[in-house]
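Okay, here's the prediction I keep looking at, along with the sequence it came from:
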Amino acid sequence: MKKIKIFLISILILIPLFFGCKRQVPEGQLDISGRLIGGGGKPLYFSIVHPKDLEPLDSCTLNEEGSFKIRLPLSQPQFIKVYNNDTNFIILAAHPKESIYISGNYSQLDATYSVFGSPSSETIHKYRTFTREHLDQLQKLTIFWENHKYDINNLQLKDSLDYKALEIFKNQRDSALALINQNPENFANVFILYQYFVNQPLFDEYKDIEFYQWVLENLEKKYPNNEHIINLKMRINKVKTKIAERDSILSRLAIGKPAPDFVLPLWQSDSDFVLSLNLGQPVLLHFFAGASMSSVKDIANLKKIIPQLDRYNTKIVTIFLDYDTETMKRAIEGEKINWTICYDLSSLRSPVALLYAVDRLPMYYLIDAQGIIRDKAYKIDSLDVSSLNITK
C-alpha cells in the first residue's frame with residue numbers, strides 16, 4: 001500500500017512538471033525530448049520537411065540511458081523529420097511552443113515509437129500504425145503466393161489474392177479518410193493526403209480533386225499562411241488546369257469526331273504507319289503493352305471478336321507502349337499477334353498516347369472508313385462493333 005501511495009505521489013509531481021515545461025516553451029521555439037532504447041551515446045538529427053526540400057535544423061547526442069532534450073527554432077507549423085539515417089526516421093507535425101516527448105527503439109524508430117504533447121504528431125502516429133498493419137497483411141499475401149504460384153489452380157488463386165489486395169488498399173484508404181474526417185483542421189491531414197500505399201497514391205489528385213479541395217478549404221481556415229497549405233493550393237490549381245485541358249482533349253475525341261492523325265514506326269519494317277493513309281476502311285486502334293497484365297488478359301477477348309471486325313473489313317492496329325523491344329517481342333510471340341503492329345517506347349508518355357488521352361491500358365478506338373471515331377473503350381467487350389454501320 002505504501003508503494004502505491006509513493007507511486008501516485010510521483011505521478012502527481014510529474015504531471016505538473018510535464019505540463020509546466022510545455023507552458024515554458026517560448027514563442028518561435030519547439031522542445032523535443034524523449035528516450036530511445038539502444039541509443040545511448042548515439043546521434044539524433046532533426047530537419048524541417050519543406051514542400052520541395054529538406055532543411056537540416058540541429059542534432060543531439062543521446063546520453064547513456066538514451067535520453068535527450070533539444071530546443072529548435074519553429075516559427076510556423078512544420079513537418080519535422082527525426083532520424084539517425086535516411087531509412088530510419090519518423091515524421092512529426094509540430095507546432096510552435098509544443099513540448100513533444102517521443103520514445104521507442106533507436107534502431108527501429110517508425111515501428112516502435114510513441115509520441116505525446118503534439119496532437120498533429122499523434123495523428124501521424126495513428127496513420128503509421130494502421131499502415132504497418134495493412135502492409136503486414138499484404139506481405140502475408142505475397143508469401144502465400146510465393147508458396148503456391150506453381151499450383152494447378154494458380155490463375156484462380158492469383159485472382160483471389162488480387163481481390164484481397166484491393167480490399168486491403170480500400171481499408172487503408174478508408175482508415176486514412178476517417179482520420180482526416182475526425183478533425184478536418186488537423187495539420188497532419190496534409191501529410192496523410194500525399195501518402196502512397198506501396199506504389200499507389202491513397203488519394204489521386206485528379207480523381208479525388210474535390211476531396212483535395214475540401215481538405216484545403218478546412219486547413220486554410222487555420223493555417224492560411226503556412227507554406228504547406230500554400231503549396232497544396234498551388235498543386236490543386238495546377239491539377240484543375242490540367243483537368244480543363246484534358247476535358248478539352250476528350251471533347252475533341254468524342255464519338256462522332258475525326259480521329260487525330262499520327263505517324264509511328266511499324267514493327268520490323270523500315271516504313272511507318274500513318275493513320276490517314278490507312279483510311280478507306282475501318283481501323284481499330286489497340287493501345288497495348290506487353291508489361292501490362294490487363295492488356296495481356298484482354299487480348300484473348302480481342303481475338304474472339306475478330307470475326308465481327310472482319311465483317312466490316314476492319315484493320316486492327318496494335319500500338320505497343322512498352323519501354324523496350326524485348327518486352328514487345330515476347331508479347332508478340334507469346335500472344336501470337338499477327339496483325340499490324342506499331343510502337344512508341346515511351347509508355348503512357350508517348351505523344352500518340354497523349355493525343356488519344358490514353359490513361360490506362362488496354363484502350364481501344366474504333367474508327368470508320370471516313371476517319372470518324374465510332375466508339376472507344378478500355379475493354380474490347382465494351383466496344384460496339386456494330387457502330388460502324390452508322391453513316392457520317
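In hand now; what should we look at?

residues in contact with residue 305?
Residue 305 is in contact with 380, 383, 385, counting by CB atoms under 8 Å, 6 or more residues apart in numbering. Backbone N, C-alpha and C define where each C-beta goes, glycine included.

Just the ones in strands from those residues, please.
Secondary structure assignment by DSSP state E places none of the contacts of residue 305 in strands.

Format those residues as CSV; extra columns: pLDDT.
Compiled in CSV, the contacts of residue 305 are given as follows (pLDDT from 0 to 100):
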residue, pLDDT
380, 94
383, 94
385, 93
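
Now render those residues as CSV, adding neighbour count and distance to residue 338.
Compiled in CSV, these are given as follows (neighbours: other CB atoms under 10 Å; distance: CB to CB, whole Å):
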residue, neighbour count, distance to residue 338
380, 21, 17
383, 22, 20
385, 18, 20
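
And the helices in the stretch 101-250 of the chain?
Taking DSSP state H, counting those that start in this stretch as the criterion, the stretch 101-250 of the chain contains helices spanning 109-112, 119-148, 154-182, 189-193, 209-222, 227-252.

Buried deepest among the ones you listed, which one?
Counting by mean count of other CB atoms under 10 Å, helix 189-193 has the highest mean neighbour count of the helices of the stretch 101-250 of the chain, with a mean of 23.

same for that helix, what does it pack against?
With contacts taken as 3 or more CB pairs under 8 Å, 6 or more residues apart in numbering; DSSP states H and E, helix 189-193 sits against helix 119-148, helix 154-182, helix 209-222, helix 227-252.

Now do the longest one and helix 154-182, the angle between them.
Interaxial angle of helix 119-148 relative to helix 154-182 (axes from the mean of the first three to the mean of the last three CA atoms, to 10 degrees): 180 degrees.

now helix 119-148: mean pLDDT?
Across helix 119-148, the average pLDDT comes to 96.

Let me know the closest of the contacts of residue 305 to residue 117.
Closest approach to residue 117 among the contacts of residue 305 (CB to CB): residue 380, at 57.8 Å.

you'd agree that closest one is up against residue 303?
No: because the distance of 9.2 Å does not satisfy CB atoms under 8 Å, residue 380 is recorded as not touching residue 303.

returning to what we had before: make a markdown table from the helices and strands packed on helix 189-193 and add distance to residue 97 to it.
Formatted as a markdown table, the entries for the helices and strands packed on helix 189-193 read as follows, by distance: least, CB to CB, whole Å:
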| stretch | distance to residue 97 |
| --- | --- |
| helix 119-148 | 13 |
| helix 154-182 | 23 |
| helix 209-222 | 15 |
| helix 227-252 | 19 |
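
so which of these comes closest to residue 73?
Go through the helices and strands packed on helix 189-193 one by one with CB to CB and the one that ends up closest to residue 73 is helix 227-252, at 15.1 Å.

Parallel or antiparallel, list what pairs with the helix or strand following the closest one.
On the C-terminal side of helix 227-252, the nearest following helix or strand under DSSP states H and E is strand 263-265. Strand 263-265 has the following strand partners under DSSP bridges: strand 272-274 (antiparallel).

Pull the distance from the partner strand to the chain's centre.
When C-alpha coordinates are averaged (CA atoms, centre = their mean, to the nearest Å), strand 272-274 and its chain have centres 36 Å apart.

Now do it, average pLDDT.
In this model, strand 272-274 has a mean pLDDT of 96.

What distance do you get for residue 27 to residue 229?
Applying CB to CB, to the nearest Å, the value for residue 27 to residue 229 is 21 Å.

right, and the helices and strands packed on helix 189-193 - which one's nearest residue 110?
helix 119-148 (6.2 Å).

If you count contacts, what does the closest one end up packed against?
Based on contacts counted as 3+ CB pairs under 8 Å, 6+ apart, the elements that helix 119-148 packs against are strand 88-94, helix 109-112, strand 114-116, helix 154-182, helix 189-193.

Pipe those into TSV and attach mean pLDDT per row.
Listed next are these as TSV, based on pLDDT from 0 to 100:
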stretch	mean pLDDT
strand 88-94	98
helix 109-112	96
strand 114-116	97
helix 154-182	95
helix 189-193	97
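
Out of the ones you listed, flag the one nearest residue 346.
Nearest of the helices and strands packed on helix 119-148 (CB to CB): helix 154-182, 27.3 Å.

okay, the angle between the closest one and helix 209-222?
If you take the same axes, to 10 degrees, helix 154-182 sits at 30 degrees to helix 209-222.

SS state for residue 47?
Under DSSP: H, G, I helix; E, B strand; the rest coil, residue 47 falls in the strand class.

which residues sit in contact with it?
With contact set as CB under 8 Å, 6+ apart, residue 47 has these partners: 54, 55, 56, 57, 80, 81, 83.

Which two among those are spaced furthest apart?
Maximum pairwise distance in those, criterion CB to CB, is 13.5 Å, between 55 and 83.

buried sites along the host helix or strand of residue 295?
Using DSSP H and E, residue 295 maps to helix 293-304. For helix 293-304, a neighbour-count test (16 or more other CB atoms under 10 Å) marks 295, 296, 298, 299, 302 as buried.

For the helix or strand following it, which residues meet the burial criterion?
Secondary structure here is assigned by DSSP H and E; on that basis, the next helix or strand after helix 293-304 toward the C-terminus is helix 306-311. Taking 16+ other CB under 10 Å as the neighbour-count basis, helix 306-311 is seen to contain the buried residues residue 309.

helices or strands up against helix 306-311?
Packed against helix 306-311, as judged by 3+ CB pairs under 8 Å, 6+ apart, are no other helices or strands.

C-alpha coordinates for that helix, CSV please?
What follows is the C-alpha trace of helix 306-311 in CSV, where atoms were taken according to Å, rounded to 0.1, in the frame of the first residue of the first chain:
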residue,chain,number,x,y,z
ILE,A,306,-12.0,-10.7,-84.9
PRO,A,307,-14.7,-12.4,-87.0
GLN,A,308,-17.1,-9.4,-86.2
LEU,A,309,-14.4,-7.0,-87.2
ASP,A,310,-13.7,-8.9,-90.4
ARG,A,311,-17.3,-8.5,-91.5
